[in-house]
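Enquirer: Need coordinates for the following:
(one chain, ligands or ions: 2)
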Amino acid sequence: MNRFLRLLPVMLLLTGTSCRTRIPEPECLLPRPTSIEHQRGALPLNFPLRLSIEAPDTTAATLRHFVLASGLPVEPASRPDDTPSRSAADERPALHLHLENNAALPASEEGYRLTITRRGIALRSRGEAGLFYGIQTLLQLHDRYGKRLPALEITDAPRFSYRGLHLDVSRHFFDAAFVKKQLRMMATLKLNRLHWHLTDGAGWRVAIDRYPELTGQAAWRHGATWQAWRDGGGRYCRREDPQAAGGYYTKAEIRDVVAFADSLHITIIPEIEFPAHSEEVLAVYPALSCSGEPYTTGDFCIGNEATFEFLENVLTEILELFPSTMIHIGGDEASKTAWATCPKCRARMQREGLTSTDELQSYAIRRIGRFLAEHGRRMIGWDEILDGGLAPDAVVMSWRGEEGGRKAAAAGHDVVMTPGSHCYLDGYQDNPTREPQAFSGYLPLRKVYSYDPAPTAMPGREHILGVQANLWTEYIPTPEQAEYMLYPRLFALSEVAWSTPEGKEYADFHRRALWLTERARAAGYRTFDLMHEEGERRESLTPIDHLARGCRVDYAAPWSERYAAGGAGALTDGVRGSWSYGTCWQGFLECDVDVTLDLGEVRPLREVTADFIQWYSAWIWLPRRVEISVSDDGRQFRTLATLGNDYPEEAERPAYRAFGWQGSDHGRYIRYRALHNGRPGGWLFTDEIVVH
Ligand code: ACM
Ligand code: ZN
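Expert: Numbers count the residues shown, from 1 in each chain. Ligands and ions are numbered 1, 2, ... in the order given. A predicted model of the protein is given here:
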């Protein structure tokens, strides 16, 4: 190639102000906009932009205030009414914000069109929220390009109207400043719902005037961490106790956070757990439980009218604090055990013609739903609110997989998808043996990003209001750890919630996530280090070839159908498990792994080995002992190895361990026995018996 031609790209890059120069495509926008049209040229920002706003007065005032405080290089227009001026002094480039009902704009009030030319910036929307999101996009461009914005036109609108983050402040308390910091990041990500999990068995976190013991006692405990508190018996103490740990929000703090969220177009949905997850309430108001005794259950007594009086009084104060239409009433994981024998609950069932405790739960939920409707609000609850029948206007939050949400949507209920498989950010995001302790499962960035809450073929998909990431905090004791678990995975969720699935590409997202992670770190967020993500378990990435691959396996005890990993061939298919015990690991419940492999003929042997997992929170343990033996005829076996296990049973950190023999021998049949540790409900998980 001619020397000059080879130099041309470099010269074009260096002559940055040439109008023929194309600034690189924006790889900074996250969530990805619906469309970007790149133009030639750029807008220099050597001087502040003149701000002009065409919108009704109150909207204009709010927007002006926001833009002037945003860090964008703008100054207010000289004319008091902020309309565009034609005076010579106003020839400087402007940032025009137009609120207009223009059919050419995205239909959604959250949508916008942002046009950057060499002469200025125009941002148009049918709604104030759309202008707000357009400003968020502009802020990301400004952060990326500084004093030279690329000329372009972005047209953008959200895929879903509900784009949420859930935050559990019961297991560990996070103060109002922390919540506001996360609200700021949510706005950057164009998320618009904070589901605030204010109450749970590990602590009550909101002041309720009528029930002072909720914050006098149920908000305080011995044990700064959830684990220490749980291991110490899960008791509460008075606030005055010198060892008291915990906290709660005053009403003034709640109002302040709600107003701050509102200024960022975020609605806060409070959750008051009912009828279960209420150990803390029943510890201080035990008369509301079936037994009447504290520390016996987390379920309210549904037969007792005082339960409903309590909840309605609490909700009355909650409704004063939170203007959100949706109010979350929990509904998850009621044990229902005490209800079956409690005289009051049984009497209620008889009076109301209810035939099961599921129907009793449904009665309680519907009753609270009616109360909320009478006050102009709408009930939302975890998918258990479907059990026993659901009021038609209730919104279902699908967490136990997608099944509940899919059923509810097909039946015409509005649904928010938040399945544990893709949306629970308390799981490990990288190698579980190296990461700080987390709750369960392996949920890397890629998997969050892969989620589609409403695939094209899904019946009732128009009822999917949106999607939410959940941050449960049992294993998240500090604000730094909470941010570490949130980011960058919340970036992926925001793109799932906002952007269309067309054009979805992980590599492209990953580049933008790297950029935003770096920017978030610079802004003081303590994120996961995406640059050094280790990724999926190496063994799972390529199939392994070995002597027993494809061989027949006889099982003395069966695998569990819940974790079949493909069934009879799973242990000799060459496929190794991932970090997630749910992927390609075969599970054995309350029994040994006792399998015999037939190699088809006597073969020389150098190695027989298999990997196992310990994952305490999932009740999965390494084998107590492993015995490996070999036979030429399938009847007479010789022991090759007996192996012990020194990894402590109480160790909560996940471990992946190989139990194997190496040496020189021969044989046709290999018996591999891994002994279960005898814990009721305990599992063994293995993925492949590898023979060389
Ligand atoms: C839940 O995770 N118990 C909703
Ligand atoms: Zn009862």
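Enquirer: What parts of this protein come near ligand 1?
Expert: Residues of the chain lying close to ligand 1 by Cβ under 6 Å from any ligand atom are 332-333, 382, 399. The way it works is simple: take the backbone N, C-alpha and C, and place the C-beta from them, glycine included.
Enquirer: Let's see that with 8 Å instead.
Expert: For the chain, the contact set with ligand 1 under Cβ under 8 Å from any ligand atom comprises 277, 330, 332-333, 382, 397, 399-400, 420, 424, 470, 472.
Enquirer: Verify the stated contact: L97 with F66.
Expert: No: the pair L97 / F66 is not scored as a contact, 10.1 Å apart, by Cβ atoms under 8 Å.
Enquirer: what touches both of these two?
Expert: Residues touching both L97 and F66 by Cβ atoms under 8 Å, 6 or more residues apart in numbering: I135.
Enquirer: So for those two, which sits in the more crowded spot?
Expert: Between L97 and F66, counting by other Cβ atoms under 10 Å, L97 is the more crowded of the two (27 against 18).
Enquirer: mind giving me CSV with the residues of the chain next to ligand 1 and columns for pLDDT, neighbour count and distance to R512?
Expert: Shown next, in CSV, are these (pLDDT from 0 to 100; neighbours: other Cβ atoms under 10 Å; distance: Cβ to Cβ, whole Å):
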residue, pLDDT, neighbour count, distance to R512
H277, 98, 23, 37
G330, 98, 25, 35
D332, 97, 17, 34
E333, 96, 15, 37
W382, 97, 23, 32
M397, 98, 31, 28
W399, 97, 24, 28
R400, 96, 15, 32
G420, 96, 19, 26
Y424, 98, 22, 23
N470, 98, 21, 23
W472, 98, 23, 27
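Enquirer: now, which of these lie within helices?
Expert: Using DSSP state H, the members of the residues of the chain next to ligand 1 that fall in helices are G420.
Enquirer: Relative to R671, which of the residues of the chain next to ligand 1 is nearest.
Expert: Using Cβ to Cβ, G420 is the member of the residues of the chain next to ligand 1 that sits closest to R671, with 37.0 Å.
Enquirer: My guess is that closest one contacts S398. True?
Expert: No: with the criterion set as Cβ under 8 Å, G420 and S398 do not qualify as a contacting pair; they are 9.8 Å apart.
Enquirer: Tell me where the stretch 51-200 of the chain has strands.
Expert: Counting by DSSP state E, counting those that start in this stretch, residue ranges of the strands within the stretch 51-200 of the chain are 74-76, 94-99, 112-117, 120-125, 148-156, 162-168, 193-197, 199-200.
Enquirer: Quick one: distance of the longest one to the chain centre.
Expert: Taking Cα atoms, centre = their mean, to the nearest Å, one finds strand 148-156 lying 31 Å from the centre of the chain it belongs to.
Enquirer: just stretch 289-306 next, same as before
Expert: Between the mean C-alpha position of stretch 289-306 and that of its chain there is a distance of 31 Å (Cα atoms, centre = their mean).
Enquirer: likewise stretch 441-458?
Expert: The offset between the C-alpha centroid of stretch 441-458 and the centroid of the whole chain comes to 11 Å, using Cα atoms, centre = their mean.
Enquirer: Close to ligand 2: what parts of this structure are there?
Expert: With Cβ under 5 Å from the ion as the criterion, the chain comes near ligand 2 at residues 290, 301, 303, 342, 344-345.
Enquirer: could those be laid out in CSV, adding pLDDT, secondary structure and neighbour count?
Expert: Written out in CSV, the entries for the residues of the chain next to ligand 2 read as follows (pLDDT from 0 to 100; DSSP: H, G, I helix; E, B strand; the rest coil; neighbours: other Cβ atoms under 10 Å):
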residue, pLDDT, secondary structure, neighbour count
C290, 98, coil, 24
C301, 98, coil, 24
G303, 98, coil, 19
C342, 98, coil, 23
K344, 98, helix, 17
C345, 98, helix, 23
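Enquirer: ok, these vs Y647, which is closest?
Expert: If you rank these by distance to Y647 using Cβ to Cβ, C290 comes first, at 40.9 Å.
Enquirer: which residues sit in contact with the closest one?
Expert: Residues near C290 by Cβ under 8 Å, 6+ apart: 296-297, 299, 301, 303, 338-339, 341-342, 344-345.
Enquirer: same thing with L123?
Expert: Taking Cβ under 8 Å, 6+ apart as the definition, contacts of L123 comprise 95-98, 112-115, 131, 134-135, 138.
Enquirer: Same question for T357.
Expert: When contacts are taken as Cβ under 8 Å, 6+ apart, T357 is in contact with 336, 339-340, 345, 349.
Enquirer: What's the separation between it and T297?
Expert: Here the criterion is Cβ to Cβ, to the nearest Å. By it, T357 lies 13 Å from T297.
Enquirer: what are the bridge partners for the residue nearest in space to the middle of the chain, then?
Expert: Relative to the mean C-alpha position of the chain, the nearest C-alpha, by Cα atoms, centre = their mean, is the one of A469, at 2.8 Å. Judged by DSSP bridges, the bridge partners of A469 are L165.
Enquirer: any idea how far it lies from M186?
Expert: As judged by Cβ to Cβ, A469 and M186 stand 10 Å apart.
Enquirer: Quick check: neighbours shared by those two?
Expert: Residues touching both A469 and M186 (Cβ under 8 Å, 6+ apart): 165, 490.
Enquirer: shaky segments in the stretch 1-150 of the chain?
Expert: Scanning the stretch 1-150 of the chain with the threshold set as pLDDT under 70 gives 1-26, 77-90.
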